[in-house]
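> this is the structure alone, sequence omitted:
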Ligand code: SF4
């Protein structure tokens, strides 16, 4: 497939056919993120998108999963998204699942009825980056929404019946706001009660604006042990009802998986063991981490 610039997708979409229906990220302001810098946001035209579907059919006619990229594909007009979904299920005969990234502002711009329509036409999963539940941190990283807006966005997806996969970023509050990040993030995730939750660990690429603050001494990165302590505090305070939790992203120091709430105590015991016993042999080496 031909793609404009680098393509990003969630770890769980590794085997999906990726169709780039938008280019870049509409928001494109988060201070920790340089994924779409220098890639002005653009929505592809209906004709371009139908050509992309044609290309996908020619190359992967038996695709069972499709992921719609880039960062803000959910910002497309709802009727266009419905037409895309209809065409995908008409042309890909083995298709079982379609996923998409959804920024909180894009979700809030869609009514519950629009999201229900997308669900009816086979949009199966939306990936939402919560990053942090702290109002202070969300403002500092320029996420563009308040915790309350994030909760409404997440709950709106969950209420539509579309699966909701959320990510939060360990270390995004730096040393100064680590405790606040853990506690407030647990509150927001608990209020949203997503089907899937993933943690990433803060990594800053050279162009990320937050890196300038680190270099200026205004933001202290957490070391791996502080990251694990922060995660432990977040999980201690998490109250979800039916959530698959993963820390399988390449940025993480420790791979974890659990079904919450049943596995909460086991997960916490694992974390406590690694932290208290200083089990550094279980941690991903710094040089192996990636985005
Ligand atoms: S984190 Fe997501 S919303 Fe923020 S700039 Fe990056 S792609 Fe856009």
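Yep, that arrived. All values derive from a computational prediction rather than experimental measurement. Residues are numbered from 1 along each chain as shown.
> just checking, residue 258 is part of a helix?
No - applying DSSP: H, G, I helix; E, B strand; the rest coil, one finds residue 258 to be strand, outside a helix.
> just the helices in the protein please.
Taking DSSP state H, the helices of the chain run over residues 46-59, 78-91, 104-108, 112-120, 135-140, 147-160, 178-192, 209-215, 224-236, 264-276.
> who touches the nearest residue in space to residue 69 that is not next to it in sequence in this structure?
Nearest-residue entry for residue 69: residue 20, 4.8 Å, with adjacent residues in sequence omitted and distances by Cβ to Cβ, 6 or more residues apart in numbering. (C-beta placed from N, C-alpha, C; glycine too.) Applying Cβ atoms under 8 Å, 6 or more residues apart in numbering, we find residue 20 in contact with 1, 3-4, 7, 44, 52, 69-70.
> now, those that are in strands?
Using DSSP state E, the members of the contacts of residue 20 that fall within strands are residue 69.
> low-confidence ranges in this protein?
Using pLDDT under 70 as the threshold, the predicted model of the chain has no low-confidence range.
> contact residues of this protein facing the ligand?
Residues of the chain found near the ligand (Cβ under 6 Å from any ligand atom) are 25, 27-30, 33, 35-36, 71, 103, 129.
> output these as a markdown table; include the columns neighbour count.
Conversion of those to a markdown table gives the following (neighbours: other Cβ atoms under 10 Å):
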| residue | neighbour count |
| --- | --- |
| 25 | 22 |
| 27 | 20 |
| 28 | 19 |
| 29 | 12 |
| 30 | 23 |
| 33 | 26 |
| 35 | 20 |
| 36 | 21 |
| 71 | 24 |
| 103 | 25 |
| 129 | 22 |
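> residue 273: which of those is nearest?
Proximity of the residues of the chain next to the ligand to residue 273 was ranked by Cβ to Cβ; the top entry is residue 129 with 29.5 Å.
> correct me, but residue 84 touches residue 68?
Yes - with contact defined as Cβ atoms under 8 Å, residue 84 and residue 68 form a contacting pair (7.4 Å).
> identify the contacts common to those two.
Contacts common to residue 84 and residue 68, judged by Cβ under 8 Å, 6+ apart, are residue 21.
> quick revisit: and the residues of the chain next to the ligand as CSV, adding distance to residue 195?
Converted to CSV, the residues of the chain next to the ligand look like this (distance: Cβ to Cβ, whole Å):
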residue, distance to residue 195
25, 23
27, 24
28, 27
29, 28
30, 24
33, 24
35, 24
36, 26
71, 21
103, 18
129, 15
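> including distance to residue 202 and mean neighbour count, could the helices of the chain go into JSON lines?
Conversion of the helices of the chain to JSON lines gives the following (distance: least, Cβ to Cβ, whole Å; neighbours: other Cβ atoms under 10 Å):
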{"stretch": "helix 46-59", "distance to residue 202": "33", "mean neighbour count": "14"}
{"stretch": "helix 78-91", "distance to residue 202": "32", "mean neighbour count": "17"}
{"stretch": "helix 104-108", "distance to residue 202": "19", "mean neighbour count": "21"}
{"stretch": "helix 112-120", "distance to residue 202": "30", "mean neighbour count": "17"}
{"stretch": "helix 135-140", "distance to residue 202": "11", "mean neighbour count": "18"}
{"stretch": "helix 147-160", "distance to residue 202": "18", "mean neighbour count": "20"}
{"stretch": "helix 178-192", "distance to residue 202": "10", "mean neighbour count": "21"}
{"stretch": "helix 209-215", "distance to residue 202": "8", "mean neighbour count": "16"}
{"stretch": "helix 224-236", "distance to residue 202": "8", "mean neighbour count": "20"}
{"stretch": "helix 264-276", "distance to residue 202": "18", "mean neighbour count": "15"}
